[in-house]
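>>> My questions concern the predicted model and sequence given below.
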Amino acid sequence: MNSLSKLQKQIIDFGNSVEFKELDAYYSQPSIFSALGVSRHENTHSNFLAWLLTPKPEKNDHSLGDTPLRKFLETLALACALPHSAGKLSPELSGAITTGAYTLSNIVVEREKHIGVGRLDIYLEGNISFDGSEYPLTLIIENKVKSHEHDAQTGRYLEALRPPVLRPGIFLSVFLTPLPNREYERLGKPIGGDILEGKQTYLMITAMSRASEEDREVLRHTHTDPALGPAEKIARVKAVYDKYDIPRLTEQQISLRFERALAQLDTLTAEPGRTATLRRYAESLMGRKH
């Protein structure tokens, strides 16, 4: 069998594989994001969600008021009420949200809010009133599309912002992904593996190019430090990454290079229908971090 025949067989086998069919079915579902070609763009999803959760956006008012935010809180409350949910709301708050017996006021939504340990995808604050009392409300959302969070970042954000560090009152932290738990748990390899192995990843190389000499020493030697456990090594290196905003710069490069790669498909002489499957598969990979 010559090389071309082998390649043809591999393509056919790949197209008939169970994994590809699952991916193809999942990403063939029509949506406004797929119509615009941005179904894999986390920033686009986050921008849209932040706009939707803002009761009265300064630009392009959606005229829905706080209805999207109320539905989001209701979905969150119902999810927290499940037996195996990792998060729980107080009975009073859960009851008020699920029955709609509350009011919201002074809601402000921010994108990419910078804090000491990183950047929040979506940050919301305002006030919520129920049972005759008003409370400050803070909601942070870490939004991922078909990818893991970085080194337990939601937990780190939660600890950094937990009252009274930021503001008192009701504090809600949400990790948002369109995948069910079983699919999410199958994604990628263990988080922090590259750090523990001392691999020269894009993150590491970019950090080395921007860091001070003192921080470069941390990057060079942390993975071989016998006094540190795996979690401590990962946290120490990740702190340097966050200090120099490396995750955000990396996400920018991923998006830029991905768009350039997809643009090459448009230059091919093949019929559009023949490149559609390849495009969908490429889009399904966008967002992988491991």
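Received it, and whenever you're ready, just let me know what you need. Values in this document were obtained by computation on a predicted structure and should not be read as measured data.

>>> tell me the contacts of the nearest residue to Thr103 once chain neighbours are set aside?
Nearest residue to Thr103, sequence neighbours excluded (C-beta to C-beta, 6 or more residues apart in numbering): Ser129, at 4.8 Å. Just so you know, the C-beta spots here come from the backbone N, C-alpha and C atoms, and that holds for glycine as well. Residues near Ser129 by C-beta atoms under 8 Å, 6 or more residues apart in numbering: Tyr102, Thr103, Leu104, Ser105, Tyr135.

>>> Look at Ser129 and tell me its secondary structure.
Classification of Ser129 using DSSP: H, G, I helix; E, B strand; the rest coil returns strand.

>>> Let me know the distance separating it from Asp242.
According to C-beta to C-beta, to the nearest Å, Ser129 stands 36 Å off from Asp242.

>>> can you check Tyr123 too?
For Tyr123, the distance to Asp242 equals 16 Å [C-beta to C-beta].

>>> One more: His221?
Counting by C-beta to C-beta, the gap from His221 to Asp242 is 19 Å.

>>> More neighbours: the two, which one.
The residue with more neighbours, out of His221 and Asp242, is Asp242; 22 against 10, by other C-beta atoms under 10 Å.

>>> Name the helix or strand for Val218, please.
Assigned by DSSP states H and E, Val218 belongs to helix 213-221.

>>> in that helix, what counts as buried?
Neighbour counts over helix 213-221 (16 or more other C-beta atoms under 10 Å) mark Asp215, Val218, Leu219 as buried.

>>> Report pLDDT for the second one.
In the prediction, the pLDDT value recorded for Val218 is 93.

>>> Disregarding flanking residues, what is the spatial nearest neighbour of it?
Once flanking residues are discounted, Val218 sits nearest to Val240: 5.6 Å by C-beta to C-beta, 6+ apart.

>>> List phi and psi for that neighbour.
When read as degrees, to the nearest 10, the backbone of Val240 gives phi -70, psi -40.

>>> could you measure it against Val174, distance?
Val240 is 27 Å from Val174, by C-beta to C-beta.

>>> Neighbour count: the two, which is higher?
For Val240 and Val174, the more surrounded residue by other C-beta under 10 Å is Val240, and the numbers stand at 22 against 18.

>>> which residue ranges form the strands in the stretch 1-150 of the chain?
103-115, 118-130, 133-143 (DSSP state E, counting those that start in this stretch).

>>> For Gly198, which of these is the nearest?
Closest approach to Gly198 among the strands of the stretch 1-150 of the chain (C-beta to C-beta): strand 118-130, 22.5 Å.

>>> what's around Gln264, how many residues?
Number of residues near Gln264 (other C-beta under 10 Å) recorded here: 9.

>>> just checking, Ala211 touches Tyr241?
No - in this structure Ala211 lies outside contact range of Tyr241 using C-beta atoms under 8 Å: 9.3 Å.
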